[in-house]
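In: here is a sequence together with a model predicted from it:
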Amino acid sequence: MALTDKAVKGLKPKQHPYRVSDKGGTKGLNIQVTPAGSKIWQMRYTRDGKERFHTLEPYPGMSLANARDRVKDLKERLKTGLPIDRQSVEAEQCSVPTVKIMIDGYLDDMQDRGCSSADQVRYRLDKYVTPAIGDKIANKVTETDIKAILGGIYRDGHRTLANRVRSYIISAYKWAKRHDNDYRSTTGVRFDIAVNPALEIPRDTAAEQVVDRVLTWTEIGQFWYACSDIMSTQMRLALQLGLVTGGQRPSEFLGISDPEINKEQMMWTLPAKRAKNGRTHIIPLTRTALRIIELAQKIRRGGEYLFPNMRDQGRPAGNDAIYHAVVKLCERTGADPWTPKDIRTTFKTLGGEIGLTKEIRDRLQNHAMSDVSSRHYDHYDYMTEKREALEEWEAVLLDKYKLSDKITK
């Protein structure tokens, strides 16, 4: 019988390695199970009258469907006399300007420029774009291809996300054109982009209406005390940290890691590469903020990130995770919809109400100071003023709004 995902997952290790073939599925596809429990795809073929096995990639990194496609491609290469060893195949693929090659180059460029959103963009492109058109030649992609991707996202109810993915595709194609014109490039790849296939596809402007909200005490209390049935402890702690540190950007407090935290000096140093304005930002930590950080470190399952990605402990949780956590919270509690970035607006507004100056609120949120004096001459770090402001903010939250400083799991 043909293999199924369920059957592959259920294969148990034995004392010696063994293979299971995809009978009734793709001829020549096997999966080898080692005594340690590893599962590795292989292709069985015959050359010079001898049975041979070509190793592919481990499962589940390579899915059953992808393994079947790879075997079919390799069989075609064998028929035409082309080599199937990994180095030859990869070298040939690197010279073909596919959408995946273009996206990888675009993302590498984002990383090199220190874009704080690079990981989030990678996740979304890998989820929605690469599986659909990753193997297509980049300059052969049509508007119809892009509309199919965006339409699927739209129909799933993610209108703003469809706009975001459209923007990423446009930017990737713009990068490809710059790459072709860059005399410093040594990749040997030319994308030859004549038309950006996403550029003429209209944005869903109705999905982009910005409505900044100031959270009420009830709404703050709903996430501050949210039980695990309504919101995961990880997301609850992240929102709490965002609030008590003065409304930092969601991507910034979600990406906080151990090296950024100095418990002795009670400071969080946001590196320039993660800051929107490209400038290092130092945020004082209050006692409540430290309690939140210590609990997050205690309950995480590994890695250096306080709020790790559920599927990959080596990456922080993405904005999508906390956005959907807030959507779920609002649905379960009946609250009017709000988004994680509204915590930033809430601090900015309520901080003003309690007497914090606009300048110190701007500095706490790492706004770029536009006046000549601030940009060129003022090198004072305002750490004392920022710490006093956050301690005053903490006192209001704990006293006036009666938030508990006993941060619990």
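Out: Received the coordinates, thanks. Numbers count the residues shown, from 1 in each chain.

In: ok, which stretches of the stretch 51-200 of the chain are helices?
Out: 64-79, 86-94, 99-112, 118-128, 130-133, 143-155, 159-181 (DSSP state H, counting those that start in this stretch).

In: any chance of those in TSV, with mean neighbour count, mean pLDDT and distance to I282 too?
Out: (Glycine included, C-beta is placed from N, CA and C.) Supplementary listing: the helices of the stretch 51-200 of the chain in TSV, determined by neighbours: other CB atoms under 10 Å; pLDDT from 0 to 100; distance: least, CB to CB, whole Å:
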stretch	mean neighbour count	mean pLDDT	distance to I282
helix 64-79	16	86	45
helix 86-94	12	59	42
helix 99-112	19	88	24
helix 118-128	19	87	23
helix 130-133	17	93	37
helix 143-155	16	94	38
helix 159-181	19	93	30
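
In: a markdown table for those, including distance to P35?
Out: Formatted as a markdown table, the helices of the stretch 51-200 of the chain follow (distance: least, CB to CB, whole Å):
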| stretch | distance to P35 |
| --- | --- |
| helix 64-79 | 21 |
| helix 86-94 | 24 |
| helix 99-112 | 35 |
| helix 118-128 | 32 |
| helix 130-133 | 33 |
| helix 143-155 | 42 |
| helix 159-181 | 43 |
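
In: V189: which of those is closest?
Out: helix 99-112 (6.5 Å; CB to CB).

In: what separates the closest one from the chain centre, distance-wise?
Out: 15 Å (CA atoms, centre = their mean, to the nearest Å).

In: that one - contacts with which helices or strands?
Out: Contacts defined by 3 or more CB pairs under 8 Å, 6 or more residues apart in numbering; DSSP states H and E place helix 99-112 against helix 118-128, helix 130-133, helix 159-181.

In: hmm, who's touching that helix?
Out: 93-94, 117-118, 121-122, 125, 129-130, 133-138, 141, 171-173, 175-176, 179, 187, 189, 191 (CB atoms under 8 Å, 6 or more residues apart in numbering).

In: spatially nearest residue to M43, not counting backbone neighbours?
Out: H54 (4.4 Å; CB to CB, 6 or more residues apart in numbering).

In: run a quick neighbour tally on the one you found.
Out: 19 (other CB atoms under 10 Å).

In: and of the helices and strands packed on helix 99-112, who's closest to A7?
Out: helix 130-133 (22.7 Å).

In: spit out the contact partners of the residue nearest to M43.
Out: 42-43, 45, 74, 84 are the contacts of H54 under CB under 8 Å, 6+ apart.

In: that one and Y18: what is the separation?
Out: Between H54 and Y18 the distance, using CB to CB, to the nearest Å, works out to 18 Å.

In: quick one: low-confidence parts of this protein?
Out: 1, 85-96, 116, 187, 208-211, 369-379, 406, 408-409 (pLDDT under 70).

In: distance from the centroid: which residue in it tops it?
Out: When each C-alpha in the chain is compared with the mean C-alpha position (CA atoms, centre = their mean), G49 comes out farthest, at 48.7 Å.

In: the residue found closest to V141 once you drop the neighbours it is linked to in the chain: how many residues sit nearby?
Out: Excluding the flanking residues, the one nearest V141 by CB to CB, 6+ apart is P197, at 5.0 Å. Residues lying near P197 (other CB under 10 Å) number 21.

In: quick one: P197 and T142, what's the gap?
Out: 6 Å.

In: what does G302 give?
Out: Per CB to CB, G302 is found 43 Å from T142.

In: what does D69 give?
Out: From D69 to T142 the distance is 22 Å (CB to CB).

In: same thing with G221?
Out: 51 Å.

In: and these two? Which one has more around it.
Out: G221 (16 against 12).

In: would you quantify the distance from the more buried one to K328?
Out: 17 Å.

In: torsion angles phi and psi at V141?
Out: Dihedral angles of V141 (phi, psi; degrees, to the nearest 10) stand at phi -70, psi 140.
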